[in-house]
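In: could you look at this predicted model? Sequence included:
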Amino acid sequence: MENSLIYVKNMVCDRCIQTVKDNLNGLGIDYKYVQLGEVLLTEKLTDSDRDVFSAKLKSQGFELLEDKNARLIASIKREVLELVRQPNKRGNNNYSQLLAESLHHDYNSLSTLFSSVEGITIEKFIILLKIEWVKELLFYDELSLNEIAFKLDYSSVQHLSTQFKKVVGMTPSNYRKLKNKPRNPLDKVF
C-alpha cells in the first residue's frame with residue numbers, strides 16, 4: 001500500500017476539515033490525516049472513487065487540486081491563513097521569510113506565481129484576511145479596538161484603522177455601529 005497526498009481547495013477552518021473527514025468516512029476512503037488543504041490517504045484513489053469524492057466535495061464548495069501551481073497557491077493561502085490567525089507563531093519573522101521556509105521556495109517565485117494567478121499580491125491577500133478577521137471581531141463586539149489591534153499584531157490602533165478604512169471604506173468604529181455588518185467567508189477572500 002502506498003500513501004497518496006491530495007490537495008483540496010477552499011478548506012479554511014476546522015469545520016472544513018471535519019466536512020472532508022465526514023465525506024471520506026461516508027465513502028469508506030481510509031486516510032492518515034486531514035489538515036487545511038491536504039489529505040493523506042492510505043492508498044491511491046481509483047478513478048471512480050476520485051470522481052465520486054470530487055463531485056461530493058464540489059457540491060460543498062471544495063475542489064480537488066490537480067495542477068502543481070494550483071496546489072502551491074493553495075499551500076500559500078493555507079500558510080498565510082495560519083500565520084494571520086496565529087500571530088504569535090510568526091514571532092519576529094516576516095511573512096515572506098516564513099512562507100519561503102515552510103514552502104521550500106524562493107519568496108519572489110511564490111509572490112510572482114500568486115500574483116499572476118490570483119490577481120493580487122500576497123501582501124494584499126494578507127491585509128484582506130486580517131480585515132475580515134477584524135470585521136468578525138467587531139461583529140461580536142467583545143474586544144476594544146486596542147485589543148483587536150494587539151491580537152492581530154498591528155503596530156497601533158491607528159494603523160489598523162487606516163488599513164481598515166482603506167479596504168472597507170469606513171472606520172472600524174463606524175462599521176461596529178452598522179446593524180447589518182457585511183462580512184465575507186474566508187474562502188471568498190481569495
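Out: Cool, the structure landed.
In: quick check: residue 74 touching residue 66?
Out: No: using Cβ atoms under 8 Å, residue 74 is not in contact with residue 66, being 11.3 Å away. Glycine gets a C-beta too; all of them are placed from N, C-alpha and C.
In: burial check on residue 36, number of neighbours?
Out: Neighbour count for residue 36, taken as other Cβ atoms under 10 Å: 19.
In: picking up where we left off before, more crowded one of residue 74 and residue 66?
Out: A count of neighbours by other Cβ under 10 Å puts residue 74 above the other of residue 74 and residue 66, at 22 against 11.
In: what separates the more buried one from residue 37, distance-wise?
Out: According to Cβ to Cβ, to the nearest Å, residue 74 and residue 37 sit 5 Å apart.
In: joint contacts of those two?
Out: 7-9 (Cβ atoms under 8 Å, 6 or more residues apart in numbering).
In: spit out the contact partners of residue 27.
Out: By Cβ under 8 Å, 6+ apart, the neighbours of residue 27 are 49, 52-53, 56.
In: swap that for residue 172, sorry
Out: 134, 138, 145, 148, 160-161, 164-165.
In: now with 10 Å, please.
Out: Residue 172 makes contact with 131, 134-135, 137-138, 145, 148-149, 157, 160-161, 163-165, according to Cβ atoms under 10 Å, 6 or more residues apart in numbering.
In: quick one on the thing from earlier: so which of the shared contacts of residue 74 and residue 37 are in strands?
Out: 7-9 (DSSP state E).
In: three-state assignment of the most centrally placed residue in the chain?
Out: Taking Cα atoms, centre = their mean, the centroid of the chain lies closest to residue 81, which sits 4.0 Å from it. Three-state assignment for residue 81 (DSSP: H, G, I helix; E, B strand; the rest coil): helix.
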